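1. From the sequence below, what's the structure:
(3 chains)
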Amino acid sequence: MAVTDTQPTPPPGIAAPAALAKRGRLRWLVVAIPYVWMLLLFLVPFFIVVKISFSTTAIALPPYTPVFDLSGGLSGIWDSVKEFTFDNYVFLTEDSLYWRSYLTSLRIAFVSTVLILIVAYPIAYGMARARKEWRPSLLMLVILPFWTSFLIRVYAWIGILKQEGLLNQFLLWLGVIDKPLVIMSTDWAVYIGIVYSYLPFMILPLYAALEKMDETLLEAAADLGCPPIQAFWKITFPLSLPGVVAGCFLVFIPVVGEFVIPDLLGGSNTIMIGRTLWNEFFNNRDWPVASAVAVILLLILVIPIVYFQNQQQKEAEKAR
Amino acid sequence: MAAKAIGPVRRSFAPWNDPNAKPFIEFRNVTKTFGDFTAVDDLSLGIYEREFFALLGPSGCGKTTLMRMVAGFEEPTRGHVLLDGQDLVGIPPYRRPTNMMFQSYALFPHMSVWENIAFGLKQDGMPKADIVARVDEMLTLVKLEQFAKRKPHQLSGGQRQRVALARSLAKKPKVLLLDEPLGALDKKLREETQFELTDLQMRLGMTFLIVTHDQEEAMTVADRIAVMDRGKIIQIATPAEIYEQPNSRYVADFIGDINLLEGRLSSVGAGGAKLECVGTGATVDVAQDVSARVGDQAWFAIRPEKVTISLTPPADPNVNAVSGEVWDIGYLGDVSIYHVRLATGATVKSTITNTTRLVERPITWEDKVWLSWTRDGGVVLTR
Amino acid sequence: MRRGPSWFNVTSITLGFAFLYIPIIILVIYSFNESKLVTVWAGFSTKWYVSMLSNQSLLDAAWVTVRIALLTATLATILGTLAALTLVRYGRFHGRTLFSGMVYAPLVMPDVITGLSLLLLFVAIGFDRGFWTVVIAHVTFTMCFVTVVVQSRLVTFDMSLEEAALDLGATPAKTFFAVTLPLILPGVVAGWMLAFTLSLDDLVIASFTTGPGATTLPMKIYSQVRLGVTPEINAVCTVLIAIVTTGVLIASIVTKRREVERQRAERLAIQG
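-> Predicted structure coming up:
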């Protein structure tokens, strides 16, 4: 989406004048080190996950067969491949726990993304329209909680949301309710935890999009007869869409695989897929099934992830 | 200063000379302050219907603030702004019958050229068919028919400028406000567009108010110019008057190139005055009614092209003449500017049109020369 | 239209920040609670800090975590900066799409997937799990954040400065250290701090990739939290929050002061 792009786009194929990049060996090294690192530690592991998802559980170390034995040469590998099985995937479809986990995760991620957008937009808008000298401080205040531990921030809510927690104490004292609300260990607690933890991820891209918006556009709209609220929907909101999209992806994708929040705040029936995978791995020690769960999760997320990374790349190209 | 037209008037349109004409836009004792900064200082001004009026001045002189008060983006701190007899104060910009062409054009980047032009019409709730007709008319007017579907970032600077113009004209505003409309264009395109603008204004018969810091632009397009400085208007007059009869050193210096010689008045009277110049050591004789007393400080202002340069003293005893030495020559192609240093050390500039392809200049560096001008060549300024 | 702070904007910012900060403030307050119950205030006490300091396994975990975070941040900053240089400077090369994909994808990749896949890699190649596997895992997921931060600094970098250095006879390596690095340093430092806190913070990836003797603080906190809320955890959290907040505040004040000084110098220079 090139909607904010007011600059004429440079013709394709013209790279930045890369002074340092012209030298051969140095250039090669600069590219190669991070490239090889990511290849070996980010990409290759996925293939291993895929491979193990086709393996069989075994009471051994590592707890699965076949184990690739490179000493057997190509034929050895081929023998191993022949042992591959789809049993784990079949198992996932048979037990409703798994597909329910996926659906719950997607539902919770979707609802919380919408909630976060609704909460974050007015904050980001207020920040972007605040006086210029205040903006860095406001930005700082949004980022600061993000620097403090995720785990701590989730933990902080336990004391608030518990049956005898501070929120219930407060509401009882106000007289809004006469018996404590059950929030802890429900989906509500999970939503609150997610909205709280992921809020900065939505505010920041929204703020970036809103802040760089040229305010004379709103003057132009007013000049052409458009009252402020209409101008928001016709000008401001469409122009902040790249921020909305980026924020939604930054929130939605990790939330689908979220483990800590449903585990600490959710109840036994808030089974999100991250939690299922964790249990499968740590409690059941069923590595092949855990891998299969991960592969399916990845397949679900691959489209949004690829879309997200394309967006990021486009934004980066545009900034050049 | 008497509004005496000098040189050919561009057309007979001059409602400001008609005592019965009512101003179309009127500023009445308008003051605008931002904190302790006074942007516009107790200013009154009338602009007439169908006039092309320019507000000219350096940045920070209050010209943009003045225009934005017509558009409704600023409200006066004190005073009134009237349009067609109606007080505009308190009316939000989206209810005012004015439209503005922004310096940055402020084209909506997420809308096509067509949608940009249609934006204001849709706000008015115009029937769809009429919108289509009007947008097409506007596209034809600015010659952008083939570009209707493009987004602003797919257009050149000149094309964007024309979209902005079409968008602000589409609603047929009572007044079109132009905020430095040509500032982003290169020189050649700017000159072309200036003429297109005047042409358009005459054809549409609309009132245009332009803000600019470019004196050439103001001279080219405007019927009248208001030269502003620090929130006040220094002079309002036609371009020719501003150029030939500036009322102050500020205006004389702001518009074009000028020689300013300081002196004291030695005689004033009907149809003539004499000034003893400090710089030239000579007496300058001017054909002008000067409303000042003998002995007052004054300045003689003369444009370089009105100073004649020669190797021999002028034969006519009625012209003013001083002698000096050629200090420097600036060759600009069409003209050459001679910087002549007088005996007292002051420098006077004289422009000569290069009418032939000179191989050797008849007058060159270090030549002893005479500078001369007629009695009505320059003006005496008292402020 | 000079719009002052409208009531809508002020309200939304105030409510937003209240939401962001009240839980943290409550957490800090209750770390000084006399009572063992986190939700009932029974008077001021620092006893939970004392008990935290005498909890040896907690201190061990904290020490492991800090060492991991320091190593992670440093390695991730080097790799991330190189990756940012690659993405910003090297235009198009074979495999660029794959590379940028590998850089951006971890930003949103669920931790459980990253953790599981790295663990399976370590098992497959027979690498003993422990301190180093956690470091490697952390470098892998934090370097992408460093890349994004440094990249945003690099795109605003005036390329002619480098060309000037090369023109004046500096070798490419010398140019990088003498011209490029000092100018992108704020981004690099911010990237380092981000990587440090992300590593400090991580529970999921560390849980997958750790081994005996390398229990990190988040893992310790997590296991205690699962058993129930105690003021001692509040105390630990408060200390962590204090450290991170101080660090971030100092960094931002230093940056701000530099900026102010630069602006003052510029003003003086203009005035002559």
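
2. Give me the neighbour count for residue 228.
-> I went with chain A, as the question did not name one. 15 (other CB atoms under 10 Å in any protein chain shown). Bear in mind the C-beta positions are built from the backbone N, C-alpha and C, glycine included.

3. that's the wrong chain, I meant chain C
-> Count around C:G228 with other CB under 10 Å applied: 10.

4. cool, B:L275 as well?
-> Neighbours around B:L275, by other CB under 10 Å: 29.

5. Is it part of a helix or strand, or is it coil?
-> strand (DSSP: H, G, I helix; E, B strand; the rest coil).

6. for B:F13, same thing?
-> Applying three-state DSSP: B:F13 is coil.

7. Excluding chain neighbours, give the residue nearest to it in space.
-> B:D223 (6.7 Å; CB to CB, 6 or more residues apart in numbering or on different chains).

8. Likewise for B:T65?
-> For B:T65, ignoring the flanking residues on the chain, the nearest one in space by CB to CB, 6+ apart is B:A39 at 4.2 Å.

9. And A:Y121, by the same measure?
-> Nearest-residue entry for A:Y121: A:L206, 6.2 Å, with adjacent residues in sequence omitted and distances by CB to CB, 6+ apart.

10. low-scoring stretches of the stretch 1-150 of chain C, by residue?
-> C:1-5, C:38-39, C:91 (pLDDT under 70).

11. can we see that at 50?
-> Residues of the stretch 1-150 of chain C that meet the criterion pLDDT under 50 lie in C:1-3.

12. residue boundaries of the helices in it?
-> C:7-30, C:47-53, C:56-89, C:96-108, C:111-124, C:131-154 (DSSP state H, counting those that start in this stretch).

13. Put together a markdown table for these, with mean neighbour count on each row.
-> Listed next are these as a markdown table, based on neighbours: other CB atoms under 10 Å in any protein chain shown:
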| stretch | mean neighbour count |
| --- | --- |
| helix C:7-30 | 16 |
| helix C:47-53 | 16 |
| helix C:56-89 | 21 |
| helix C:96-108 | 20 |
| helix C:111-124 | 25 |
| helix C:131-154 | 24 |
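
14. Go through the helix or strand harbouring the residue nearest to B:T65 and flag the buried ones.
-> Per DSSP states H and E: B:A39 is located in strand B:37-47. Buried positions in strand B:37-47, judged by neighbour count with 16 or more other CB atoms under 10 Å in any protein chain shown: B:38-40, B:43, B:45-47.

15. Relative to A:F46, which of the residues you listed is nearest.
-> For these, the minimum distance to A:F46 (CB to CB) is 62.6 Å, reached by B:A39.

16. how about the closest one, what does it touch?
-> Contacts for B:A39 (CB atoms under 8 Å, 6 or more residues apart in numbering or on different chains) come out as B:32-33, B:62, B:65, B:231.

17. Quick check: pLDDT value at it.
-> B:A39 is assigned a pLDDT of 90 by the prediction.

18. distance of it from B:M69?
-> Distance of B:A39 to B:M69, given as CB to CB, to the nearest Å: 10 Å.

19. Need the overlap of contacts for the two.
-> With CB under 8 Å, 6+ apart, B:A39 and B:M69 have common neighbours B:K32.

20. Can you tell me how far the closest residue to B:R150 other than its chain neighbours is from A:A130?
-> Using CB to CB, 6+ apart and skipping residues adjacent in sequence, the residue nearest B:R150 is B:V113, 5.4 Å away. Plainly put, B:V113 is 34 Å away from A:A130 if you go by CB to CB.

21. follow-up on the earlier one: my reading is that the residue nearest to A:Y121 lies in a strand. Confirm?
-> No. With three-state DSSP as the criterion, A:L206 is located in helix rather than a strand.

22. Run a quick neighbour tally on it.
-> Neighbours around A:L206, by other CB under 10 Å: 26.

23. centroid residue for the chain?
-> Picked chain A for this. Closest residue to the average C-alpha location of chain A: A:P254 at 2.6 Å, with CA atoms, centre = their mean.

24. look at chain B instead
-> In chain B, the residue lying closest to the centroid (CA atoms, centre = their mean) is B:A218, at 3.2 Å.

25. Settle this for me: that one is touching B:I210, isn't it.
-> Yes. If you go by CB atoms under 8 Å, B:A218 and B:I210 touch, sitting 7.3 Å apart.

26. Need the overlap of contacts for these two.
-> B:A54.

27. how big is the angle separating the longest helix seen in chain C from helix C:7-30?
-> Determined from DSSP state H, the single longest helix within chain C is helix C:231-271. Helix C:231-271 and helix C:7-30 are oriented at 130 degrees to each other (axes from the mean of the first three to the mean of the last three CA atoms, to 10 degrees).

28. Report all helices and strands that helix C:231-271 contacts.
-> Contact partners of helix C:231-271 among helices and strands, from 3 or more CB pairs under 8 Å, 6 or more residues apart in numbering or on different chains; DSSP states H and E: helix A:135-147, helix A:150-161, helix C:7-30, helix C:47-53, helix C:181-201, helix C:217-227.

29. which residue ranges form the helices in chain B?
-> B:63-71, B:113-123, B:128-141, B:157-170, B:187-204, B:215-221, B:239-244, B:249-254.

30. okay, these in a markdown table with distance to C:T142 next?
-> Formatted as a markdown table, the helices of chain B follow (distance: least, CB to CB, whole Å):
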| stretch | distance to C:T142 |
| --- | --- |
| helix B:63-71 | 49 |
| helix B:113-123 | 44 |
| helix B:128-141 | 53 |
| helix B:157-170 | 44 |
| helix B:187-204 | 51 |
| helix B:215-221 | 56 |
| helix B:239-244 | 66 |
| helix B:249-254 | 60 |
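
31. out of those, which comes closest to B:V322?
-> Of all the helices of chain B, helix B:249-254 sits nearest to B:V322, with 19.5 Å by CB to CB.

32. what comes up buried for that closest one?
-> In helix B:249-254, counting by 16+ other CB under 10 Å, buried: B:249-252, B:254.

33. hmm, back to that, just the buried residues from the contacts of B:A39, in ChimeraX please.
-> Selecting only the buried entries of the contacts of B:A39 in ChimeraX, with 16+ other CB under 10 Å as the criterion:
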select /B:32,62,65,231
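
34. Of the contacts of B:A39, which is the nearest to chain A?
-> For these, the closest approach to chain A (CB to the nearest CB) belongs to B:T65, at 13.7 Å.

35. Would you mind confirming that the closest one makes contact with B:F37?
-> No. B:T65 lies out of contact with B:F37 (CB under 8 Å); the separation is 10.2 Å.

36. and for those two, which residues touch both?
-> What both B:T65 and B:F37 touch, as defined by CB under 8 Å, 6+ apart, is an empty set.

37. Quick check: end-to-end length of stretch B:311-331?
-> For stretch B:311-331, the first and last residues are 19 Å from each other (CA to CA, to the nearest Å).

38. Which residues does that stretch contact?
-> Identification of contacts with stretch B:311-331 by CB under 8 Å, 6+ apart yields B:280-282, B:284-285, B:308, B:336-343, B:347-348, B:361-375, B:377.

39. for stretch A:276-291, same thing?
-> Contacts for stretch A:276-291 (CB under 8 Å, 6+ apart): A:49-50, A:52-57, A:62-64, A:88, A:91-92, A:97-98, A:101, A:257, A:259, A:263, A:293-294, A:297, C:112, C:116, C:120, C:204, C:207-208.
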